[in-house]
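Trainee: okay, here's the prediction I keep looking at, along with the sequence it came from:
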Amino acid sequence: GNAQAAILQATRALDLLPAEDASSRSGVWFNLGAAYLLTGQIEQAVSAHASALDLSLACDNMHIVMLSAYHYGGLLLMQGRLHEGEAVFQRALQTLEQHPNQGAATSPTAGAIFAEYAALLMEWNRLDEAAELLARGDALSRQGGYMTAQVAIAMAYVDYYRLRGNPSAGLDAIQRAFDALQGAEATALLRQMSAVRARLWVMAGDFQKAAAWETSLPPVTEATPDYLEEIETSVRIDLYLAQQRFTDALELLDGQTARYTASGQTSRLIKCHLLRAIVLQALGQTAPALDSLQQALVLAEPEGYLSTFIEAGTPAAMLLAAYRRQPGIPAALRDYAACLLAALRGEPLETAPQPTQSIDLPEPLTPRELEILRLMAGGATNQEIAARLILSLGTVKAHINHIMGKLTARNRTEAVLRAQALGLVE
């Protein structure tokens with residue numbers, strides 16, 4: 001339970017392990033990423049899991065490949081880097097197909113990757129594709145017999161049924177998750193699932209059960225994991241909105257907005273800005289409401305968020321329509337608002353969210369290479385990149401050589417210019 005000590009020990013292990021021992025180093029990087037996440041150091045956690053994935057892929061350590069891809073991809077989604085997350089999931093699933101006899105047998109999270117990938121597709125409102133992934137992940141997790149993956153799949157099905165407007169089926173799915181955990185020592189996970197069930201009660205209009213859940217919540221202490229406090233607060237916000245307790249909801253939203261801004265949790269921040277806009281409009285504060293909506297749109301537009309807005313329903317549609325009527329708003333945001341309005345009306349979209357990599361690039365860059373490329377474009381030196389991503393200078397140089405090779409560039413400047421032309425960096 002001492003994450004700081006784990007960070008110190010993992011860092012020391014990396015200093016001691018030989019560079020050629022990729023398998024051991026990948027495991028240490030994974031544990032370092034987990035420890036960073038527990039202490040709220042999300043950027044460092046992302047970097048550590050990226051290193052774990054690169055090393056485990058290099059040595060075919062399938063157990064760490066699946067673990068690191070699941071966590072790394074999930075963290076990228078949390079940061080609002082949806083297309084990079086998709087690249088991680090696709091890479092992991094391709095590796096799984098290349099090792100058909102190892103995936104379920106060696107990793108407890110192989111099936112859970114399908115759940116995370118499905119969550120991404122659900123955000124892009126590609127619900128049929130998400131359902132196919134969930135079915136595949138469900139079969140794989142049952143084949144492996146792993147509780148972690150089975151719970152992840154069940155929780156993803158909850159989101160799927162919620163987006164389909166079927167809270168009853170969602171409640172059945174959450175019950176399957178409870179059944180999978182029967183007899184297990186998983187207090188925090190059970191508490192998280194109780195919050196998810198309360199959200200479904202709110203959606204179904206069973207405010208009495210949801211209010212009873214809120215009343216039964218234990219007090220938040222220093223020992224309460226951040227993620228648990230965050231999900232319980234988000235469900236309380238849903239309950240207050242349904243009960244039209246707008247002032248109470250706004251107080252919680254202001255706190256969540258500050259927290260997610262500080263931690264870089266862009267996906268959750270987008271939803272907070274949107275819900276703040278809805279609450280402010282309900283309180284008759286139209287100008288601040290439209291400002292909050294614009295903050296959500298600015299963050300959401302580059303990655304093509306859809307379901308976050310669709311799920312907000314009529315209040316979001318009214319705000320989007322009012323936003324588009326304003327003079328002087330950026331053309332890209334006006335067009336994006338129109339796209340969201342069409343999605344809210346259930347109209348088919350002419351274009352789907354586009355990936356960040358161009359089809360003109362023969363060999364796509366890895367997520368780690370994209371991360372380094374963006375730092376290069378920002379003017380960071382090799383030493384600065386190494387310090388930022390917690391990598392050795394030699395590793396950074398090797399990544400940059402791979403980047404220049406893939407972009408057919410002769411130097412860093414040419415690589416950045418070509419990346420800008422391909423739309424990989426701004």
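Mentor: Now that the structure is in, tell me what you want to look at.
Trainee: element containing Asn401, please.
Mentor: helix 393-406 (DSSP states H and E).
Trainee: quick one: the helices in the stretch 301-426 of the chain?
Mentor: Along the stretch 301-426 of the chain, counting by DSSP state H, counting those that start in this stretch, helices occupy 307-310, 314-324, 331-344, 367-377, 382-389, 393-406, 412-421.
Trainee: helices or strands next to the shortest one in the packing?
Mentor: Just to be clear, that refers to helix 307-310. Other elements packing on helix 307-310 under the criterion 3 or more C-beta pairs under 8 Å, 6 or more residues apart in numbering; DSSP states H and E are helix 110-123, helix 266-282, helix 314-324, helix 331-344. For the C-beta atoms, the positions are set from N, CA and C on the backbone; glycine is no exception.
Trainee: picking up where we left off before, quick one: contacts of the helix holding Asn401?
Mentor: Helix 393-406 has contacts (C-beta atoms under 8 Å, 6 or more residues apart in numbering) with 361-365, 368-369, 372-373, 376, 382-383, 385-386, 389, 391, 409-412, 414-415.
Trainee: give me that answer again for 6 Å
Mentor: Applying C-beta atoms under 6 Å, 6 or more residues apart in numbering, the contact partners of helix 393-406 are 363, 365, 369, 372-373, 382, 385-386, 415.
Trainee: would you mark the buried spots in that helix?
Mentor: 395-396, 399-400, 402-404, 406 (16 or more other C-beta atoms under 10 Å).
Trainee: make TSV out of these and add pLDDT.
Mentor: Below are the buried residues of helix 393-406 laid out as TSV (pLDDT from 0 to 100):
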residue	pLDDT
Thr395	83
Val396	86
His399	88
Ile400	90
His402	87
Ile403	89
Met404	88
Lys406	86
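Trainee: any low-confidence regions in the chain?
Mentor: Along the chain, segments meeting pLDDT under 70 span 1, 100-108, 144-146, 348-361, 426.
Trainee: show me where it has its strands.
Mentor: Along the chain, counting by DSSP state E, no stretch forms strands.
Trainee: residue contacts, the residue nearest to the spatial centre of the chain?
Mentor: Nearest residue to the geometric centre of the chain (C-alpha atoms, centre = their mean): Leu77, 2.2 Å. Remark: with contacts taken as C-beta under 6 Å, 6+ apart, Leu77 is in contact with 85, 120.
Trainee: and the gap between Val151 and Ala184?
Mentor: 9 Å (C-beta to C-beta, to the nearest Å).
Trainee: sorry, wrong one. I was asking about Ala321.
Mentor: Ala321 is 48 Å from Ala184, by C-beta to C-beta.
Trainee: ditto for Gly40
Mentor: 26 Å.
Trainee: so between these two, which is more surrounded?
Mentor: Set Gly40 next to Ala184 and count neighbours by other C-beta atoms under 10 Å: Gly40 wins out with 14 against 11.
Trainee: number of nearby residues for Ala3?
Mentor: Ala3, neighbours per other C-beta under 10 Å, totals 15.
Trainee: surely it and Tyr36 touch.
Mentor: No: shown here, Ala3 and Tyr36 do not form a contact pair, counting by C-beta atoms under 6 Å, at 7.9 Å.
Trainee: for Glu20, phi and psi?
Mentor: phi -80, psi -10 (degrees, to the nearest 10).
Trainee: could you pull out the buried residues of stretch 298-310?
Mentor: Per 16+ other C-beta under 10 Å, stretch 298-310 contains these buried residues: 299-310.
Trainee: again with stretch 262-275
Mentor: Result for stretch 262-275 [16+ other C-beta under 10 Å]: buried residues 263, 265-275.
Trainee: can you show me the CA trace of it as CSV?
Mentor: Taking Å, rounded to 0.1, in the frame of the first residue of the first chain, the C-alpha atoms of stretch 262-275 are listed here in CSV:
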residue,chain,number,x,y,z
ALA,A,262,-5.0,20.0,-12.6
SER,A,263,-4.7,16.3,-13.4
GLY,A,264,-5.1,16.5,-17.2
GLN,A,265,-8.1,14.2,-17.3
THR,A,266,-9.5,15.7,-20.4
SER,A,267,-12.3,13.2,-21.1
ARG,A,268,-13.9,13.9,-17.7
LEU,A,269,-13.2,17.6,-18.0
ILE,A,270,-15.2,17.8,-21.2
LYS,A,271,-18.2,16.2,-19.5
CYS,A,272,-17.8,18.6,-16.5
HIS,A,273,-17.8,21.7,-18.8
LEU,A,274,-20.8,20.4,-20.6
LEU,A,275,-22.8,19.6,-17.4
